[in-house]
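Chemist: the following block contains a protein sequence and its predicted model.
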Amino acid sequence: MSDIEEAVRTRGLFKSFGQQVAVGGVDLVVPRGGFAGLVGPNGAGKTTTLSMVTGLLRPDAGTILIGGADVWRDPVTVKARIGVLPEGLRLFERLSGRELLSYNGQLRGIPKGEVERRAEELLRVMDLTESADKLVVDYSTGMRKKIGLAAALLHNPAVLFLDEPFEGVDPVSANTLVEVLRRYTASGSTVVFSSHVMDLVERLCDWVSVMNRGQIVAQGPLEAVRGGRSLNEAFLGLVGAHAQSSGEEGLSWLGSTSA
Ligand SMILES: Nc1ncnc2c1ncn2[C@@H]1O[C@H](COP(=O)(O)OP(=O)(O)OP(=O)(O)O)[C@@H](O)[C@H]1O
């Protein structure tokens, strides 16, 4: 794949926190127009990788290109191209949903009338019109994810990064998010999202990167990574989860009461 066809390309990405190597030389690739899942067990380094890729955390070493532009050398170009739904979702809580979108649009330099038009459409598609004037602090988890996604989409980015977008989201809201994301990728844009939910990744993604202990252990088209198994089976094999789950030896005290 040439750099032109790659929406995201990291080389030798590295980050440690003291003695802890969080990301140990990652070459992440996501093809343009792909719907990509970044999966891995807790602590694998997904959030640290996405934070560096989106310009939120400076790498110790390595390079990151988004659509061929270097994230840390050319941050203005890259930030205009990307949308981010970060982990923990720190939003401006004292704004209403509508104000949040309006504020984001103005920060992005989009003309006011256009911001209003896009914001109303996004609120409608996300089923948030009735709550548009409520403060974000009073939103539920699912509503926060939806308004966060709306804010990340408002400037029509070429690449959208989502850290655990479906966590804590009910099936109805998850369905709305999926529909919006499908529509977005159908037009040639790229989505990269991290998740623990293999079924969802299998259903949505055409490209998968599997991380374990700060490394990419498998990466490519979904079918190739699965290799004829379910993604969950392939994942457990890749991250060595069978070896870790020595349930028969430990926890002998658990479940032994007979009250
Ligand atoms: N700010 C930090 N300071 C110290 N250690 C950190 C920090 N951020 C992450 N780490 C460590 O780096 C490793 C990777 O963490 P990271 O949050 O990137 O994993 P993850 O794959 O996103 O995990 P999860 O699926 O649990 O969210 C972990 O061992 C974590 O403890």
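Modeler: Ah, there it is.

Chemist: element containing L50?
Modeler: Element membership for L50 (DSSP states H and E) is helix 46-53.

Chemist: try K79
Modeler: Here K79 is assigned to helix 75-81, by DSSP H and E.

Chemist: shaky segments in the stretch 151-259 of the chain?
Modeler: 242-249, 256, 258-259 (pLDDT under 70).

Chemist: helices along that one, start to end?
Modeler: Remark: helices assigned in the stretch 151-259 of the chain by DSSP state H, counting those that start in this stretch are 171-186, 198-204, 222-226, 231-238, 241-244.

Chemist: what separates stretch 133-141 from the chain centre, distance-wise?
Modeler: 22 Å (CA atoms, centre = their mean, to the nearest Å).

Chemist: how long is that stretch from one end to the other?
Modeler: Distance across stretch 133-141, first residue to last, is 17 Å (CA to CA, to the nearest Å).

Chemist: rewinding a little: a markdown table for the helices of the stretch 151-259 of the chain, including mean neighbour count and distance to E5?
Modeler: C-betas here are computed from N, CA, C, even on glycine. Listed next are the helices of the stretch 151-259 of the chain as a markdown table, based on neighbours: other CB atoms under 10 Å; distance: least, CB to CB, whole Å:
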| stretch | mean neighbour count | distance to E5 |
| --- | --- | --- |
| helix 171-186 | 15 | 15 |
| helix 198-204 | 18 | 21 |
| helix 222-226 | 17 | 17 |
| helix 231-238 | 18 | 24 |
| helix 241-244 | 10 | 33 |
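
Chemist: may I have the helix holding K79 as CSV, with CA atoms only?
Modeler: Output in CSV follows, covering the C-alpha atoms of helix 75-81 (Å, rounded to 0.1, in the frame of the first residue of the first chain):
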residue,chain,number,x,y,z
PRO,A,75,-0.4,19.7,13.3
VAL,A,76,-2.7,22.4,11.8
THR,A,77,-3.1,20.4,8.5
VAL,A,78,-3.7,17.2,10.3
LYS,A,79,-6.2,18.6,12.9
ALA,A,80,-8.3,20.0,10.1
ARG,A,81,-8.5,16.5,8.6
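
Chemist: so what secondary structure elements neighbour it?
Modeler: strand 69-70 (3 or more CB pairs under 8 Å, 6 or more residues apart in numbering; DSSP states H and E).

Chemist: one more time with 10 Å
Modeler: Contacts defined by 3 or more CB pairs under 10 Å, 6 or more residues apart in numbering; DSSP states H and E place helix 75-81 against strand 61-66, strand 69-70.
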